[in-house]
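Chemist: pasting a predicted model and its sequence here:
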Number of protein chains: 2
Amino acid sequence: MEECPKTWFEACARILTDPQNQRVWSIIMSLFGDLAQQPGDRLTGSALSRIIMPVGIKPEAIRVALHRLRKDGWIDSARSGRASAHFLTDYGRARSAEVTPRFYTRRPDTPTDWHLLIAEDGPGQSALDEMLLTAEYFSLARNVALGAGPAPEVSVELMSFDVEARAVPDWVRARACPADLAESCRSLGDALEQAAALLPPEGEITPLQTATLRMLIVHRWRRVVLRMPDLPAAFFPPDWPGPDCRSAVFRLLDRLPRPALSELDAD
Amino acid sequence: MEECPKTWFEACARILTDPQNQRVWSIIMSLFGDLAQQPGDRLTGSALSRIIMPVGIKPEAIRVALHRLRKDGWIDSARSGRASAHFLTDYGRARSAEVTPRFYTRRPDTPTDWHLLIAEDGPGQSALDEMLLTAEYFSLARNVALGAGPAPEVSVELMSFDVEARAVPDWVRARACPADLAESCRSLGDALEQAAALLPPEGEITPLQTATLRMLIVHRWRRVVLRMPDLPAAFFPPDWPGPDCRSAVFRLLDRLPRPALSELDAD
């Protein structure tokens, strides 16, 4: 049985914790992406522990995750005496920067131009599978992909059209916005509202508390926003909770301005 | 072993005879469609025989075909004394008129607007199969159909886009213009050139000879033109023989002006 939270901070941390994604290495990457993505940015080992441990993650799990991130080339560490500092490698920084614009866009620009790529049935399929892997395409069917912008010069095996959507049937909406994604959006939106109601005025929140809560928000938003399709409005079901969820994310982040890294070791 | 043709007319009739489609009822419908499609138009039994028999079709085969066409409601017959006259029923006239514009268009208008219909994989397929049957759609894939004009209001199960083709791969061209259709075009084009070289000046051709030759041309063109896709230029292979074949058809028909029905019994 879980203990009842004793403070607003414990309550918020519990509410905002992603119920489905507690992979520690991934949480650490969310933290670096949010707070320490610039070259030269470092998080000390003690700051890292004090930000992450309130989420219920043990020091041993943090050590294992850091080891893995170092081994995979995402993070590097340096020691000075008994203290350690951790920072993104160039590779880790590049991968983090790739997804950052999606995370932090308050109003995604929906492109006005779209194109379709169509593959031949059978073996021709593979030409399209490559596009679906390498670029941001929405798969309308095994052999049909919808992409933003005008049709690019692609494989000679693909038929391409510049298109404008006319009628969007329910099966396409369900494919674009699956029920579990809508559910994740709604549950994150609810959690953000609950946390917002508990949050004290800005001056009463410590830099470490801010870092922890931001990490939880960004980490959970990540799972939602990376799956949210970039599609014309007609592709979304009428009750699509995406925009409300996005607004709630930024309302709460705005109340938790990013702390300076130097503040995180000041306690 | 076939006998050698003794006259220019026998030679032309032999050259123009469709090597693959000698269904007599279908030839008779081509003849009515070309010469006697208006309400009130009639062909006497003797004119019919004299037009069709030079193609190598026996009177018995003509009788059987007329019986079938009457039974199916396409043609009706009337007797006065020993003479008989045959004419299209309203139903037969309507069916004939449906395809006439396609046959006799010298320069097909290629539409500038196009749309795509996309069906869901699996059971959703059937919604598209209906469209492919009832309207003039080009099937790009099992689940994708291209049609002329703006996207219509169709089944709520189909995704529709207004489209403009960008890149057309070879597999699409091969699907639009299969090799056997190109071969039929080329072989008809060759036959028309050969017949044109044999044809005497207009005044030396009898109305019955004209009727026979027009029937053969129209009947053979039918098989080609009904399969020719109505698609933007980019969908055709660079060596596509369609336009040349069409020109040759009208060059020869222009040298064989439609005789008046009254002339066909005058001999």
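Modeler: That came in fine, so what should we check first? Numbering: from 1, shown residues only, chains lettered A, B, ... in the order given.
Chemist: in a helix, residue A:111, correct?
Modeler: No. Read with DSSP: H, G, I helix; E, B strand; the rest coil, residue A:111 is coil and lies in no helix.
Chemist: show me what contacts it?
Modeler: A:148-149, A:230 (C-beta atoms under 8 Å, 6 or more residues apart in numbering or on different chains). The C-beta positions use only the backbone N, C-alpha and C, and glycine is treated the same way.
Chemist: would you list those residues in TSV and tack on neighbour count and secondary structure?
Modeler: Shown next, in TSV, are the contacts of residue A:111 (neighbours: other C-beta atoms under 10 Å in any protein chain shown; DSSP: H, G, I helix; E, B strand; the rest coil):
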residue	neighbour count	secondary structure
A:148	18	strand
A:149	12	coil
A:230	16	coil
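Chemist: contacts made by the helix or strand hosting residue A:162 with the rest, please.
Modeler: Element membership for residue A:162, per DSSP states H and E: strand A:159-167. Contacts with strand A:159-167, where a contact means C-beta under 8 Å, 6+ apart, come from A:113-119, A:146, A:150-152, A:154, A:232, A:234-235, B:115-116, B:140, B:150-151, B:153-154, B:156, B:158-169, B:172.
Chemist: and the gap between residue A:116 and residue B:58?
Modeler: As judged by C-beta to C-beta, to the nearest Å, residue A:116 and residue B:58 stand 55 Å apart.
Chemist: which one's more surrounded, the two?
Modeler: residue A:116 (25 against 12; other C-beta atoms under 10 Å in any protein chain shown).
Chemist: need the pLDDT of the more buried one.
Modeler: Looking at residue A:116, its pLDDT stands at 94.
Chemist: just the closest residue of the stretch 1-150 of chain A to chain B, please.
Modeler: residue A:120 (4.5 Å; C-beta to the nearest C-beta).
Chemist: related to what we said a few turns ago, list buried residues within the contacts of strand A:159-167.
Modeler: A:114-119, A:146, A:151, A:154, A:232, A:235, B:115-116, B:140, B:151, B:154, B:158-169, B:172 (16 or more other C-beta atoms under 10 Å in any protein chain shown).
Chemist: partner strands of the strand holding residue A:162 and their direction?
Modeler: strand A:114-118 (antiparallel), strand B:159-167 (antiparallel) (DSSP bridges).
Chemist: which parts of the stretch 101-250 of chain A sit against chain B?
Modeler: Taking C-beta under 8 Å from any C-beta of the partner chain as the criterion, the stretch 101-250 of chain A approaches chain B at residues A:115-116, A:118-121, A:124, A:140-144, A:150-151, A:153-154, A:156-172.
Chemist: shouldn't residue A:146 be in contact with residue A:140?
Modeler: Yes. In this structure residue A:146 lies within contact range of residue A:140 using C-beta atoms under 8 Å: 5.5 Å.
Chemist: which neighbours do those two share?
Modeler: Common neighbours of residue A:146 and residue A:140 (C-beta under 8 Å, 6+ apart) are residue A:116.
Chemist: angle of the least confident helix or strand in chain A by mean pLDDT against strand A:114-118?
Modeler: Ranked by mean pLDDT, DSSP states H and E, the weakest helix or strand in chain A is helix A:125-134, scoring a mean of 77. Here the directions of helix A:125-134 and strand A:114-118 differ by 140 degrees (axes from the mean of the first three to the mean of the last three C-alpha atoms, to 10 degrees).
Chemist: which residues of the stretch 51-200 of chain A fall in strands?
Modeler: A:75-80, A:83-88, A:114-118, A:137-141, A:144-148, A:159-167 (DSSP state E, counting those that start in this stretch).
Chemist: can I get those in a markdown table with distance to residue B:28?
Modeler: A markdown table is the format used below for the strands of the stretch 51-200 of chain A (distance: least, C-beta to C-beta, whole Å):
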| stretch | distance to residue B:28 |
| --- | --- |
| strand A:75-80 | 84 |
| strand A:83-88 | 82 |
| strand A:114-118 | 42 |
| strand A:137-141 | 45 |
| strand A:144-148 | 45 |
| strand A:159-167 | 41 |
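Chemist: leaving out the residues flanking it, which one is nearest to residue A:86?
Modeler: Closest residue to residue A:86 apart from its sequence neighbours, by C-beta to C-beta, 6 or more residues apart in numbering or on different chains: residue A:77 at 4.9 Å.
Chemist: now residue A:192
Modeler: That would be residue A:248: by C-beta to C-beta, 6+ apart, it lies 4.0 Å from residue A:192.
Chemist: wait, that neighbour touches residue A:195, no?
Modeler: No. Using C-beta under 8 Å, residue A:248 makes no contact with residue A:195, being 9.5 Å away.
Chemist: which neighbours do these two have in common?
Modeler: Common neighbours of residue A:248 and residue A:195 are not found (criterion: C-beta under 8 Å, 6+ apart).
Chemist: surely residue A:196 touches residue A:254?
Modeler: No. In this structure residue A:196 lies outside contact range of residue A:254 using C-beta under 8 Å: 10.4 Å.
Chemist: and the residue nearest the centre of chain A, what does it touch?
Modeler: Computing the C-alpha centroid of chain A and ranking residues by C-alpha atoms, centre = their mean puts residue A:222 first, at 1.6 Å. Contacts of residue A:222 were listed using C-beta under 8 Å, 6+ apart, and they are A:30, A:99, A:103.
Chemist: for the first one, grab phi and psi.
Modeler: Per-residue torsions, residue A:30: phi -60, psi -40 (degrees, to the nearest 10).
Chemist: same deal with residue A:50?
Modeler: Torsion angles, degrees, to the nearest 10, at residue A:50: phi -70, psi -20.
Chemist: report the contact partners of the spatially closest residue to it that is not a sequence neighbour.
Modeler: Counting by C-beta to C-beta, 6+ apart, residue A:50 lies nearest to residue A:208, which is 5.3 Å off, once chain neighbours are set aside. The contact partners of residue A:208, by C-beta under 8 Å, 6+ apart, come to A:47, A:50-51, A:259, A:264, A:267.
Chemist: domain assignment for chain A?
Modeler: For chain A, the structural domains run A:8-107+A:177-265, A:114-169, going by automatic domain parsing.
Chemist: can you tell me which of those has the worst average pLDDT?
Modeler: domain A:114-169 has the lowest average pLDDT among the domains of chain A, namely a mean of 86.
Chemist: can you measure across that one, start residue to end residue?
Modeler: In domain A:114-169, first residue to last residue: 18 Å (C-alpha to C-alpha, to the nearest Å).
Chemist: for the stretch 101-250 of chain A, what spans make up the helices?
Modeler: For the stretch 101-250 of chain A, applying DSSP state H, counting those that start in this stretch gives helices covering A:125-134, A:170-176, A:179-198, A:207-225, A:242-254.
Chemist: I'd like those helices as CSV, with distance to residue B:14 appended.
Modeler: Listed next are the helices of the stretch 101-250 of chain A as CSV, based on distance: least, C-beta to C-beta, whole Å:
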stretch, distance to residue B:14
helix A:125-134, 48
helix A:170-176, 56
helix A:179-198, 68
helix A:207-225, 73
helix A:242-254, 71
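Chemist: deepest-packed of these, please.
Modeler: Comparing the helices of the stretch 101-250 of chain A by mean neighbour count (mean count of other C-beta atoms under 10 Å in any protein chain shown), helix A:207-225 comes out on top with a mean of 22.
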